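Visitor: okay, sequence plus prediction incoming.
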Amino acid sequence: MYCARFALLCGITVKIGCTSAIKINMIYFVLRSVCTIFAEEFIIIKMEVTITNENFKDYLNGELPLVVDLWATWCGPCRALAPIVSELAEEYDGRLVVGKCDIEEYDDIATDYGVRNIPTILFFKGGELVDRFVGAAKKAVIEEKFKALL
């Protein structure tokens, strides 16, 4: 197999070894390897995790602070906020965990924390809710919340 750095993401076609492409649907898989042969290869990395009713407590009780973006596919402001959250997830990787939770599929978290509007971002530290942000905003506004969590 060719030496390459690549990530396979949900519904995204990625080049592997500069010779073939694979389309993966509904699988989040990230593989990072050192590569000096194909320096021109693009890297697509998804730093967010998918939060479900089943795994929420594990992330909540983890060592790192947790940021949960509650969203839905039909929500326009959620779609506008998504790239900002993804960008911040990459920038803060290793310092906090950023998760996305589709409330249509996993509504227990929204119910438990009294979320009535989306998008809502919940900020947890030490297993406790310390802040929340409702609505869409510019990156600088959301980033201030991320910084305050650290």
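Guide: That came through, no problem.
Visitor: quick one: the strands in the chain?
Guide: For the chain, strands defined by DSSP state E occupy the ranges 6-8, 12-16, 20-24, 29-31, 49-50, 66-71, 97-102, 120-125, 128-134.
Visitor: what mean pLDDT does stretch 107-124 have?
Guide: For stretch 107-124, mean pLDDT is 96.
Visitor: I should have written stretch 82-96 there, sorry.
Guide: When pLDDT is averaged along stretch 82-96, the result is 95.
Visitor: going forward, begin numbering at 41 instead of 1
Guide: Sure, I'll start counting at 41 from here, so that last one is stretch 122-136.
Visitor: list the buried residues for it?
Guide: Neighbour-count burial for stretch 122-136 flags 122, 124-126, 128-129, 132, 136 (criterion: 16 or more other C-beta atoms under 10 Å). Every C-beta, even on glycine, is put in place using the N, C-alpha and C of the backbone.
Visitor: now stretch 103-119
Guide: Neighbour-count burial for stretch 103-119 flags 104-112, 115, 118 (criterion: 16+ other C-beta under 10 Å).
Visitor: quick check: phi and psi on Glu88?
Guide: Per-residue torsions, Glu88: phi -90, psi 160 (degrees, to the nearest 10).
Visitor: how many neighbouring residues does the closest residue to Leu106 other than its chain neighbours have?
Guide: Closest residue to Leu106 apart from its sequence neighbours, by C-beta to C-beta, 6 or more residues apart in numbering: Phe164 at 4.2 Å. Residues within reach of Phe164, counting by other C-beta atoms under 10 Å, total 25.
Visitor: for Ile182, same thing?
Guide: Other residues close to Ile182 by other C-beta under 10 Å number 20.
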